[in-house]
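Enquirer: Quick one, what's the 3D model for this:
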Amino acid sequence: MEKVLDLKSAIRDVPDFPKKGIIFKDITPLLGQPELFKEIIEQTAAHFKTRNIDKVLAIESRGFIFGGPLACELGAGFVPIRKKGKLPYKTASASYSLEYGTDTLEMHEDAFKPGERVLIADDLLATGGTAKATAELAEKMGGKVAGFSFLIVLEFLNGRKKLEGYDIFSLIQY
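Expert: Numbering: from 1, shown residues only. Predicted coordinates:
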């Protein structure tokens, strides 16, 4: 519990960013403290250590911050999940709804083999649309989603509902 309080106290609230009425949870002060950053990776890896993770799929862009070190800690490969048009090779894609319109995520079509166990990592779970689209993309490519890893879950936005049936791990809830 004390470690979670340390993590929370290192997160800066930025009012009215990116638009009025939103309080942005800025994790950059936390990332600047190596002992806290290490703690995040170690605790998350400990949760998934027995799940035989083959690949960590990290969602652009802040998911990359946690996905790379987590993959190393778990002895797994790393797969970047990017916005449409950002990857250089043949891709598979999944679209999802936003407040106004849709967006598309992509990964290389050879990012993992069918049947491999994947962990999906991002910094924050809000409404769950991006995370759900990533799971659908992974499953469409034959991956077995072993769980989701988030530093933060904004419980009041009910993103967990979109991910029912999956193991969701986070260190901080608001």
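Enquirer: residue with max distance from the center of this protein?
Expert: When distances to the mean C-alpha position of the chain are computed (CA atoms, centre = their mean), the maximum falls on residue 20, with 25.2 Å.
Enquirer: What are the buried residues along stretch 69-85?
Expert: Neighbour counts over stretch 69-85 (16 or more other CB atoms under 10 Å) mark 69-71, 73-74, 76, 78-82 as buried. Quick note: C-beta positions are derived from backbone N, CA and C, even for glycine.
Enquirer: With stretch 159-169 instead?
Expert: Residues of stretch 159-169 classed as buried: 159-160, 162-163, 168-169 (neighbour count, 16+ other CB under 10 Å).
Enquirer: quick one: average pLDDT of it?
Expert: Stretch 159-169 carries an average pLDDT of 97.
Enquirer: Tell me how far that stretch lies from the chain's centre.
Expert: Its chain's C-alpha centre and that of stretch 159-169 lie 12 Å apart, by CA atoms, centre = their mean, to the nearest Å.
Enquirer: ditto for stretch 7-17
Expert: Centroid separation for stretch 7-17 versus its chain: 19 Å, with CA atoms, centre = their mean.
Enquirer: List the buried residues in it.
Expert: Those would be 7, 10-11, for stretch 7-17 by 16+ other CB under 10 Å.
Enquirer: now do the same end-to-end measure for that stretch.
Expert: By CA to CA, to the nearest Å, the extent of stretch 7-17 from end to end equals 21 Å.
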